[in-house]
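Enquirer: fold the stuff below for me.
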Amino acid sequence: MEPCRVTNRRGDPGCPTPEVVEDVIVAVDLFDGPVGLVEGASDLVDPPLPLMFYRDLSPIFDIDDEIAQHDSDDDSSSASDSDPVDQRVSPAVGDTEIVDFGTADQPRELRIGSDLSTDERDSLIQLLRSYLDVFAWSYEDMPGLDPSIVQHRLPLLPHARPVKQKLRRLHPRWSLQVKEEIQKQLSVGFLSVVEYPEWLANVVPVPKKDGKVRVCVDFRDLNKASPKDDFPLPHIDMLVDSTAGHSMLSFMDGFSGYSQILMAPEDMEKTSFITEWGTYCYRVMPFGLKNAGATYQRAATNSSMT
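Expert: I've put the predicted structure just below:
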């Protein structure tokens, strides 16, 4: 592999395209979550959504340093028989520290990179402290998007027939956490109690790294009955190209970004799900719906153009 710094653009004769794309993809692989890179990533100049939609600032990552280290590793291990894939840049996702901007009674925690220099760390903390009012610290702080801007619809194919899944019991270790999360979402208006729904799905608990649980729903039956939304999502090559010429990459993760988009009133009951404590439907766009990503990207694109 020919040594190549990330500041070279794709198509530069001195830097073959595959090496650049491969290295940078791995270098930015610290983004977490299924919507991180495509649907939640901020632009290097302007964020795709207003700042009030962002929650956490992930580590600032020096790509130049990692590429240089990668090249050094390649030179020293050229005679090795190991798989070259194992020698790619693999930034540690956990290299962050928590900074609390709140009080003991009301903590306001943000994660920043733990490998920042003292000056970079102080400057970043000062910047975050100056704009604490733009962060949503709880569900109650999220104003959501006006339905006139965007709302999620669930059209169905003409031949589609409603499906009601039978209740599947949860493992006891998840049951209490799921119940607490449902009660919390009910209290802030994300969910509504529903009776006699035509569609019914089961809860799927997904563990998070912090020990909490994300409450998802098995929408496979509903998704099969929904036509595809063809709104274009950003291509990975375009995202990689946008990093060219930048040695520092910052990333802000949308805080419950899907939950800031309302469901169309006539389609809310289609998202109904069953639990041990009752049946509920979503008033906001949930994870797991077939076209949720396209709706989120449409909101991001429209917001960045206004």
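Enquirer: where is the longest strand in this structure?
Expert: For the chain, the strand that runs over the most residues, judged by DSSP state E, is strand 201-207.
Enquirer: right, and the helix or strand after that one?
Expert: strand 213-217 (DSSP states H and E).
Enquirer: isn't residue 101 up against residue 112?
Expert: No. Using Cβ atoms under 8 Å, residue 101 makes no contact with residue 112, being 11.0 Å away. Where C-beta positions appear, they are placed from N, C-alpha and C, glycine not excepted.
Enquirer: and for the two, which residues touch both?
Expert: residue 128 (Cβ atoms under 8 Å, 6 or more residues apart in numbering).
Enquirer: neighbour-wise, which of those two wins?
Expert: For the pair residue 101 and residue 112, the greater number of neighbours falls to residue 112 (21 against 14), based on other Cβ atoms under 10 Å.
Enquirer: thinking that one is in contact with residue 123, fair?
Expert: No. Look at residue 112 against residue 123 with Cβ under 8 Å: they stay out of range, at 10.8 Å.
Enquirer: where does the stretch 51-200 of the chain have low pLDDT?
Expert: 51-94, 139-140, 142-143 (pLDDT under 70).
Enquirer: all helices of it, in order?
Expert: Secondary structure of the stretch 51-200 of the chain by DSSP state H, counting those that start in this stretch: the helices cover 63-76, 118-130, 172-187.
Enquirer: for the longest one, buried residues please.
Expert: For helix 172-187, the neighbour count (16 or more other Cβ atoms under 10 Å) marks 174-175, 177-178, 181-182, 185 as buried.
Enquirer: in a helix, residue 298, correct?
Expert: Yes. Counting by DSSP: H, G, I helix; E, B strand; the rest coil, residue 298 is found in a helix.
Enquirer: for it, what are its contacts?
Expert: Per Cβ under 8 Å, 6+ apart, neighbours of residue 298: 150, 231.
Enquirer: run the angle between the longest strand of the chain and strand 213-217 for me.
Expert: With axes from the mean of the first three to the mean of the last three Cα atoms, to 10 degrees applied, the angle from strand 201-207 to strand 213-217 works out at 150 degrees.
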